[in-house]
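Undergrad: Next one to model:
(chains A, B, C and D)
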Protein chains: 2
Amino acid sequence: MTTDRIVAAALDELDDSGLDALTMRRVATRLGVQLNTVYWHATGKPALLDLMADALLTGCDRPPLPPAWPDRLRVIATRLHDALLSRRDGARLLEVAHPDGPRWHSLIESLAGAATTAGLDRTGAATAARLVVHAVTGMVRDHGLGRTTVDDVRLTFALDVLVDGIAARVPASAAQRADDDLARRLRPPPPATRRPRGSGRPPPPARPATED
Amino acid sequence: MTTDRIVAAALDELDDSGLDALTMRRVATRLGVQLNTVYWHATGKPALLDLMADALLTGCDRPPLPPAWPDRLRVIATRLHDALLSRRDGARLLEVAHPDGPRWHSLIESLAGAATTAGLDRTGAATAARLVVHAVTGMVRDHGLGRTTVDDVRLTFALDVLVDGIAARVPASAAQRADDDLARRLRPPPPATRRPRGSGRPPPPARPATED
DNA sequence: ACCTGAACACCGTTCAAGT
DNA sequence: ACCTGAACACCGTTCAAGT
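TA: Modelled structure (predicted):
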């Protein structure tokens, strides 16, 4: 028996029964094991919920991410959105848990990294990262049931507000610097072809960047 | 015995014991009443939590509100922030409940009203209102303990992001119209002395567009 | 170290009466 | 209508052993 197997069983039980009916005993039963085996690998129910929440966040910031910060932020947030919808009561789970595992920290750091690229300072970037998580989690919880087209519209709108809001909080000098950094990284030799910051709305991931 | 007295006792018990230790039996004991008296006035624990959450929201949008939408939004959000901090586990309570009472709807409508004044359409304003609630609730829960100066800085920053983000989502024509409405309402007779919208916080709402 | 068995001190909810 | 008393079917957690 491993902690991972217990967390996996707990997530399956969550899918079947929902958060309110999730019980240490039911997790044990599902594994054909005694109650205290669960307690041996997970310290208690709160700890198990934390492990479950962290597991839910797997891969939200997996590597091939767009270089432009608005796109990067949008991709990570959308993956978080999908992850929370992938299990029953996923958003409630994240709210009820105090995730402190590697996936949680990785997610927060990736979002804060995007905000830093935008030109925010350390504190602002940390706050912005939390803001994105709260917005996505709250929206998924509000909506309750399965993903609909309407939900996508609302997610897109919320991310637009956040991206534009972050961009507006960046001092012009910092934004300038961030642009220059990005331009330099994208095409090394040519000197000064600056483009408008933050790649506009409608949709597309928009930055081939890695192409050509 | 009234439902209100039970809700008040439940909130006091919340303050004393925290959300995890909040029990129907403890509420009954605190009132010197039998367990089923609580069940008579509140349908069950989830319903009681909903009533508690709604009661917590009292007065967040009480009437004298600034006419400029950024100020109005900031005042309401700050009051929500204070309300959630006024009771132990206030933010967790709001997350765990499905508030559906008059105060909840009033709060959402007031926030949506501010977003509408800004120039957003019905759907956008509803989403923006939810966004503000999620941001404030999440921040208070993250911070956990009592209000510090640091917390105020983070709240201000988050509201700046949201206000600027909302302003940026408004089509120029709608913003124009909102500005005209506000100017007309503030001083009836004179025709066209348009001023920068929003009397915004230290850093103004940033919208170029309205500037000639 | 890892797991079993049994128990403790609670829960939320409900049923059957009382007045 | 409003409240009491008693019970049911669970909980999370822990203790004492086993191997």
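Undergrad: Let me know the distance separating the nearest residue to A:F157 once chain neighbours are set aside from A:A158.
TA: Distances taken as CB to CB, 6 or more residues apart in numbering or on different chains place B:T127 nearest to A:F157, at 5.2 Å, with adjacent residues excluded. C-beta coordinates here come from the backbone N, C-alpha and C atoms, glycine included. Distance from B:T127 to A:A158, counting by CB to CB, to the nearest Å: 6 Å.
Undergrad: go on, A:R79?
TA: 15 Å.
Undergrad: Have a look at those two and say which one is more surrounded.
TA: Under the criterion of other CB atoms under 10 Å in any protein chain shown, the comparison of A:R79 against A:A158 puts A:A158 first, with 24 against 18.
Undergrad: Is the more buried one part of a helix or strand, or is it coil?
TA: Three-state assignment for A:A158 (DSSP: H, G, I helix; E, B strand; the rest coil): helix.
Undergrad: who touches it in this structure?
TA: Contacts for A:A158 (CB atoms under 8 Å, 6 or more residues apart in numbering or on different chains) come out as A:135-136, A:139, B:127, B:131.
Undergrad: Pick out the most distant pair among those residues.
TA: For these, the maximum inter-member distance is 12.5 Å, found between A:V136 and B:T127 (CB to CB).
Undergrad: out of those two, which sits in the more crowded spot?
TA: Per other CB under 10 Å, whichever of A:V136 and B:T127 has more neighbours is A:V136, with 27 against 23.
Undergrad: In which helix or strand does that one reside?
TA: Using DSSP states H and E, A:V136 falls within helix A:122-143.
Undergrad: now that helix and helix B:122-143, what's the angle there?
TA: 120 degrees (axes from the mean of the first three to the mean of the last three CA atoms, to 10 degrees).
Undergrad: Tell me how chain A divides into domains.
TA: As assigned by automatic domain parsing, chain A contains the domains A:3-52, A:69-184.
Undergrad: mind putting these in a markdown table, mean pLDDT and distance to DNA strand C included?
TA: Output for the domains of chain A, formatted as a markdown table (pLDDT from 0 to 100; distance: least, CB to the nearest atom of the strand, whole Å):
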| stretch | mean pLDDT | distance to DNA strand C |
| --- | --- | --- |
| domain A:3-52 | 98 | 3 |
| domain A:69-184 | 92 | 16 |
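Undergrad: so of these, which one's packed in deepest?
TA: Highest mean neighbour count among these (mean count of other CB atoms under 10 Å in any protein chain shown): domain A:69-184, with a mean of 19.
Undergrad: and that one, how far out from the chain's middle?
TA: 6 Å (CA atoms, centre = their mean, to the nearest Å).
Undergrad: Give me the contact status of it with DNA strand D.
TA: No: Domain A:69-184 is not in contact with DNA strand D by CB under 7 Å from any atom of the strand; minimum separation 12.2 Å.
Undergrad: what's the span of that domain from first residue to last?
TA: Start-to-end span of domain A:69-184 (CA to CA, to the nearest Å) is 15 Å.
Undergrad: I figured A:H98 hits A:D50, correct?
TA: Yes: between A:H98 and A:D50 there is a contact under CB atoms under 8 Å: 5.8 Å.
Undergrad: The residue nearest the centre of chain A: helix or strand, and which one exactly?
TA: Computing the C-alpha centroid of chain A and ranking residues by CA atoms, centre = their mean puts A:L80 first, at 3.7 Å. If you go by DSSP H and E, A:L80 is part of helix A:69-85.
Undergrad: And the next helix or strand past that helix?
TA: helix A:90-96.
Undergrad: so what does the helix or strand just after that following helix touch, helix or strand wise?
TA: The helix or strand immediately downstream of helix A:90-96 is helix A:102-118, counting by DSSP H and E. With contacts taken as 3 or more CB pairs under 8 Å, 6 or more residues apart in numbering or on different chains; DSSP states H and E, helix A:102-118 sits against helix A:45-56, helix A:69-85, helix A:122-143, helix A:149-169, helix A:172-186.
Undergrad: Would you mind writing the CA trace of helix A:102-118 as CSV?
TA: Only the C-alpha atoms of helix A:102-118 are listed here, as CSV (Å, rounded to 0.1, in the frame of the first residue of the first chain):
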residue,chain,number,x,y,z
PRO,A,102,4.8,20.5,-4.9
ARG,A,103,2.0,21.0,-7.6
TRP,A,104,0.4,23.8,-5.6
HIS,A,105,3.7,25.7,-5.3
SER,A,106,4.6,25.0,-8.9
LEU,A,107,1.2,26.4,-10.0
ILE,A,108,1.5,29.5,-7.9
GLU,A,109,5.0,30.1,-9.0
SER,A,110,4.2,29.7,-12.6
LEU,A,111,1.3,32.2,-12.4
ALA,A,112,3.5,34.6,-10.4
GLY,A,113,6.2,34.2,-13.0
ALA,A,114,3.8,35.3,-15.7
ALA,A,115,2.9,38.3,-13.7
THR,A,116,6.5,39.1,-13.1
THR,A,117,7.2,38.9,-16.8
ALA,A,118,4.4,41.4,-17.2
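Undergrad: quick one: it to helix B:149-169, angle?
TA: Using the same axes, to 10 degrees: helix A:102-118 against helix B:149-169 is 60 degrees.
Undergrad: Now do helix A:102-118 against helix A:69-85, angle only.
TA: Using the same axes, to 10 degrees: helix A:102-118 against helix A:69-85 is 160 degrees.
Undergrad: What residues does chain A have near chain B?
TA: Residues of chain A lying close to chain B (CB under 8 Å from any CB of the partner chain) are A:95-96, A:123-124, A:127-128, A:130-131, A:133-135, A:137-139, A:141-142, A:153-154, A:157-158, A:160-169.
Undergrad: returning to that earlier point: any chance of the contacts of A:A158 in a markdown table, with distance to A:T3 too?
TA: Output for the contacts of A:A158, formatted as a markdown table (distance: CB to CB, whole Å):
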| residue | distance to A:T3 |
| --- | --- |
| A:A135 | 31 |
| A:V136 | 27 |
| A:M139 | 31 |
| B:T127 | 39 |
| B:L131 | 36 |
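Undergrad: what packs against the helix or strand harbouring A:L11?
TA: Assigning secondary structure by DSSP H and E places A:L11 in helix A:3-17. Packing partners of helix A:3-17 (3+ CB pairs under 8 Å, 6+ apart): helix A:24-30, helix A:35-41, helix A:45-56.
Undergrad: What lies in contact with the second one?
TA: So that's helix A:35-41. Against helix A:35-41 from outside (CB under 8 Å, 6+ apart): A:1-3, A:6, A:24-25, A:27-28, A:31, A:48.
Undergrad: Widest-spaced pair of those?
TA: The farthest-apart pair in the contacts of helix A:35-41, when distances are taken by CB to CB, is A:T2 and A:R25, at 19.5 Å.
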